[in-house]
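Participant: need coordinates for the below:
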Amino acid sequence: MNKNVYVNRTLNLRKISHLGFDMDHTLIRYNSKNFENSTHDIVIEKLIQGKNYPEEIRHIHFNYDLAIRGLVMDKKKGNLLKLSRYGAIRASYHGLKPIDYSVQKKIYGSKYVDLRDGNYSSIDTAFSISTAQLFAHLVDLKEQKFSSIFPDFETIANDLMNAVDDAHRDGSLKNIVKKNLDKYIIREEEVARGLERYRRHDKKLFLLTNSDFNYTKLLLDYAINPFLKDFKHWSELFEIIIVKAQKPRFFYDNLNFLKVNPIDGSMLNHEGPLVPGIYQGGCANIFTKDLYLEGENILYIGDHIYGDILRLKKDCNWRTAMVLEGLEDEIEKYKLAEPFQEKISKLMKKKEPLEEQYVELISKDIENGKKDASKEILRLQKEISNFDKQIGELIPEQQRIFNPYWGEMMRAGNEESYFSYQIDRFACIYMAKLADLLAFSPRTYFRALRKPLAHELMLKD
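Facilitator: Residues are numbered from 1 along each chain as shown. Next up is the predicted model:
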């Protein structure tokens, strides 16, 4: 498999003195299907035990494909939505049923979704898939069987998200990972090799994670230590290690650091400037001030568009890199879909001149107050309809190559998906996995391609 880094904004690694890493789904890769399946099971138990949902919900089948990253939950109406870059709804489901376009238009009109509205919740992390697919199942059960027992859609959504948060917070999920690391964690020798290589080039590395110290130590002991050659322990790779960072709050608040004892994980208040070591909490403001850093000299690599990338870019102006799980698979599917896209493009090239003729003839008839071209207009209508039919048959075949419910992760029809738009706007570079970036020299100059504007594309034609 090719190792690629995709460039939104030019980035010269020679000018980067400090590289920071998130842990979960960045430095450490999860087997997401296994992890989200277990999350699904734990959350169902929490809903039954803590929120009095009926025992029947234990029979909900986990379907990883039922959701993709970048969807939006309409908590009020019980719908899952896929948005274009402009916030327009391009696909929607109510429970397990797709919403027909005409019905969708009645529900939402021509509304553009504003994600600042509390009725909407983004499904934007690899940890969110179980939440979205469970929401779809619970909405469907309410409509089909439990209308009088289940609460309203908004309460279902809030119960579900609270149960997921609780599973992360109370150790339920971490405990299942601890007991079976092979099942949930993917070990990559290339990551350890890459980190050591960057250290040989005098890059300062730091770890910035929301996970606690003990869990961080467990995962890095398992996934990094076995492959080290230049260092005895993963902690020697990082100048500063920050756990329980409370991102994105870390990037905009002014919280103090606590010093962590690596022997037993105990903590003390930290006094004075930061020095190499292990810390908890803190904030970006103190971090950059104490280390005499400018944002342009720091590259932070994470997987969460909001918690790792968006707020960081807005509040700190660090350089940003995003690990986008699922991208590798999507690119392979692009290759499979290419023959369909070529057929669609050829049909469109034949159709477009006919549409131009059609518009011109109708315009002339209207302007002249006559119907001289009515036969020709009818003929063109039939030809255009024939092309539409052929294209309409190809599009579902092309989309079936991707997610069976939502199609492509990075596109919504011909437009970028809203998720893709956010990555383009806030991530300087992105890649399928961290090893892809670390395979490049620490002195690499990543150049952004010139993106043609609409009028420039017309000039090429």
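
Participant: show the subsequent helix or strand relative to the lengthiest helix in the chain.
Facilitator: Assignment by DSSP state H gives helix 327-368 as the longest helix of the chain. Beyond helix 327-368 on the C-terminal side, the first helix or strand identified by DSSP states H and E is helix 374-400.

Participant: report the mean confidence score over that following helix.
Facilitator: Rounded to a whole number, the mean pLDDT of helix 374-400 is 91.

Participant: quick one: strands adjacent to the next helix-or-strand element following it?
Facilitator: Using DSSP H and E, the next helix or strand after helix 374-400 towards the C-terminus is strand 411-412. The pairing partners recorded for strand 411-412 under DSSP bridges are strand 415-416 (antiparallel).

Participant: downstream neighbour of the strand it pairs with in the secondary structure list?
Facilitator: Immediately after strand 415-416, counting by DSSP H and E, sits helix 418-426.

Participant: run the chain-centre distance for the longest helix of the chain.
Facilitator: 30 Å (C-alpha atoms, centre = their mean, to the nearest Å).

Participant: what lies in contact with whichever strand or helix holds D165?
Facilitator: Secondary structure assignment for D165, by DSSP H and E: helix 153-169. The contact list for helix 153-169, computed with C-beta atoms under 8 Å, 6 or more residues apart in numbering, reads 39, 42-43, 46-47, 50-51, 53, 73, 75-78, 119, 121, 127, 130-131, 134-135, 138-139, 142, 150-151, 172-174. Every residue, glycine included, has its C-beta placed from N, CA and C.

Participant: relative to the whole chain's centre, how far out is that helix?
Facilitator: For helix 153-169, the distance to the chain centre is 20 Å (C-alpha atoms, centre = their mean).

Participant: buried residues, whatever helix or strand comes next after that helix. List them.
Facilitator: As assigned by DSSP H and E, the chain's next helix or strand after helix 153-169 is helix 172-179. By 16 or more other C-beta atoms under 10 Å, the buried positions in helix 172-179 come out as S172, L173, K174, I176, V177.

Participant: before we move on, the earlier item: mind listing what's buried in the helix holding D165?
Facilitator: Those buried within helix 153-169 under the rule 16+ other C-beta under 10 Å are F153, I156, A157, D159, L160, M161, N162, A163, V164, A167.

Participant: what's the angle from that helix to helix 172-179?
Facilitator: Calculated by axes from the mean of the first three to the mean of the last three C-alpha atoms, to 10 degrees, helix 153-169 forms an angle of 40 degrees with helix 172-179.

Participant: show me the contacts for W406.
Facilitator: A67, I68, L71, K82, A91.

Participant: nearest to Y421, of these?
Facilitator: K82 (12.4 Å; C-beta to C-beta).

Participant: if we can go back for a sec, quick one: which of the contacts of W406 is most hemmed in?
Facilitator: L71 (30 neighbours; other C-beta atoms under 10 Å).

Participant: which one is it nearest to, not counting chain neighbours?
Facilitator: I123 (4.3 Å; C-beta to C-beta, 6 or more residues apart in numbering).

Participant: wait, that neighbour sits on Q133?
Facilitator: No: in this structure, I123 is not within contact of Q133 by C-beta atoms under 8 Å, at 9.5 Å.

Participant: tell me the residues that contact both of the two, please.
Facilitator: Joint contacts of I123 and Q133 (C-beta under 8 Å, 6+ apart) are A67.

Participant: residue contacts, E189?
Facilitator: Counting by C-beta under 8 Å, 6+ apart, E189 has contacts F227.

Participant: start at 9, not 1
Facilitator: Yep, numbering from 9; the last one is E197 now.

Participant: got phi/psi on L79?
Facilitator: phi -70, psi 170 (degrees, to the nearest 10).

Participant: likewise Y192?
Facilitator: Backbone torsions of Y192, given as degrees, to the nearest 10, read phi -110, psi -20.

Participant: shaky segments in this structure?
Facilitator: 9-10, 468-469 (pLDDT under 70).

Participant: on the three-state scheme, A99 is what?
Facilitator: Following DSSP: H, G, I helix; E, B strand; the rest coil, A99 is assigned to strand.

Participant: for L91, give its distance to Y426.
Facilitator: Distance, L91 to Y426, by C-beta to C-beta, to the nearest Å: 4 Å.

Participant: next one: D82
Facilitator: 14 Å.

Participant: for Q406, same thing?
Facilitator: For Q406 relative to Y426 (C-beta to C-beta), the value is 21 Å.

Participant: same deal with I313?
Facilitator: According to C-beta to C-beta, I313 and Y426 sit 10 Å apart.

Participant: ramachandran coordinates for T328?
Facilitator: The phi and psi values for T328, taken as degrees, to the nearest 10, are phi -130, psi 140.

Participant: residues near it, how many?
Facilitator: Around T328 there are 26 residues (other C-beta under 10 Å).

Participant: contact partners for it?
Facilitator: Neighbouring residues of T328 by C-beta under 8 Å, 6+ apart: L307, Y308, I309, G310, D316, I317, L320, K321, F434, A435, C436, I437.

Participant: which residues does the closest residue to the fifth one other than its chain neighbours bridge with?
Facilitator: So that's D316. Residue nearest to D316 in three dimensions, not counting chain neighbours: G310, with 2.6 Å by C-beta to C-beta, 6+ apart. Here G310 sits in beta bridges with M330, going by DSSP bridges.

Participant: how close does G310 get to D148?
Facilitator: G310 sits 33 Å away from D148, going by C-beta to C-beta.

Participant: higher neighbour count, the two?
Facilitator: A count of neighbours by other C-beta under 10 Å puts G310 above the other of G310 and D148, at 25 against 18.

Participant: isn't that one up against V331?
Facilitator: Yes: contact criterion C-beta under 8 Å: G310 and V331 qualify, at 7.0 Å.

Participant: pull up the overlap in contacts between those two.
Facilitator: Contacts common to G310 and V331, judged by C-beta under 8 Å, 6+ apart, are T34.

Participant: now D311. Nearest residue, chain neighbours left out?
Facilitator: Excluding its sequence neighbours, the residue lying closest to D311 (C-beta to C-beta, 6+ apart) is H33, at 4.1 Å.

Participant: go on, L203?
Facilitator: L203 sits nearest to L245 (C-beta to C-beta, 6+ apart), 5.1 Å away.
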